[in-house]
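> predicted model, plus sequence, below.
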Amino acid sequence: MRVGVTWLKDGWCVGEFQAQATETATEVRLGSVIDRQSPHGICAGVGTANNMAWTDLTLKAPLGNRLVVRSSDGVTLPALTADEAVP
């Protein structure tokens, strides 16, 4: 699954972020998203659309009808299955 997070810079690198979540029967609560890009790494970058960057998130169970929400404030986040294209 891919989840969209707010990103105000011009671009980001695939695999740049590390995210962890807590799962319940009704929702996936996304905790802190860590930017793990090395300042010395080389990255072609992916353009940012709608101030969003995307990160992969491995779930213990299929997303199904569950909502993906940000733990800090309960805001619902956009989520895509692995075979859906990032907008």
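Yep, that arrived.
> got any ranges where the protein has weak pLDDT?
Regions of the chain meeting the criterion pLDDT under 70 cover residues 37-48, 85-87.
> mind saving the C-alpha coords of the longest strand anywhere in the chain as CSV?
Counting by DSSP state E, the longest strand found in the chain is strand 27-35. Written as CSV, here are the backbone C-alpha positions of strand 27-35 (Å, rounded to 0.1, in the frame of the first residue of the first chain):
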residue,chain,number,x,y,z
GLU,A,27,-8.5,2.0,10.6
VAL,A,28,-4.7,2.2,10.0
ARG,A,29,-3.2,4.9,12.2
LEU,A,30,0.0,6.4,10.6
GLY,A,31,2.6,7.4,13.1
SER,A,32,5.7,9.5,12.4
VAL,A,33,7.0,9.5,8.9
ILE,A,34,10.8,9.7,8.9
ASP,A,35,12.7,11.3,6.1
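> which other residues reach it?
Strand 27-35 is contacted by residues 3, 5, 16-23, 55, 57, 59, 63, 66-71, 77, 79 when judged by Cβ atoms under 8 Å, 6 or more residues apart in numbering. No exception for glycine: its C-beta is placed from N, CA and C like everyone else's.
> just the buried ones from the residues you listed, in PyMOL syntax?
This is how PyMOL selects the buried members of the contacts of strand 27-35, with burial counted by 16 or more other Cβ atoms under 10 Å:
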select buried, resi 3+5+16+17+19+21+55+57+63+66+68+69+70+79
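> tell me which of the contacts of strand 27-35 fall in strands.
3, 5, 17-23, 55, 67-70, 79.
> those: which two are farthest apart?
18 and 67 (21.5 Å; Cβ to Cβ).
> for residue 11, give the beta-bridge partners.
The residues listed as beta-bridge partners of residue 11 by DSSP bridges are residue 47.
> what's the local residue count around it?
13 (other Cβ atoms under 10 Å).
> measure it to residue 68 for me?
23 Å (Cβ to Cβ, to the nearest Å).
> not counting sequence-adjacent ones, nearest residue to residue 18?
Leaving aside its sequence neighbours, residue 18 sits nearest to residue 34 (Cβ to Cβ, 6 or more residues apart in numbering; 4.6 Å).
> again with residue 36
Nearest non-adjacent residue to residue 36 (Cβ to Cβ, 6+ apart): residue 18, at 5.3 Å.
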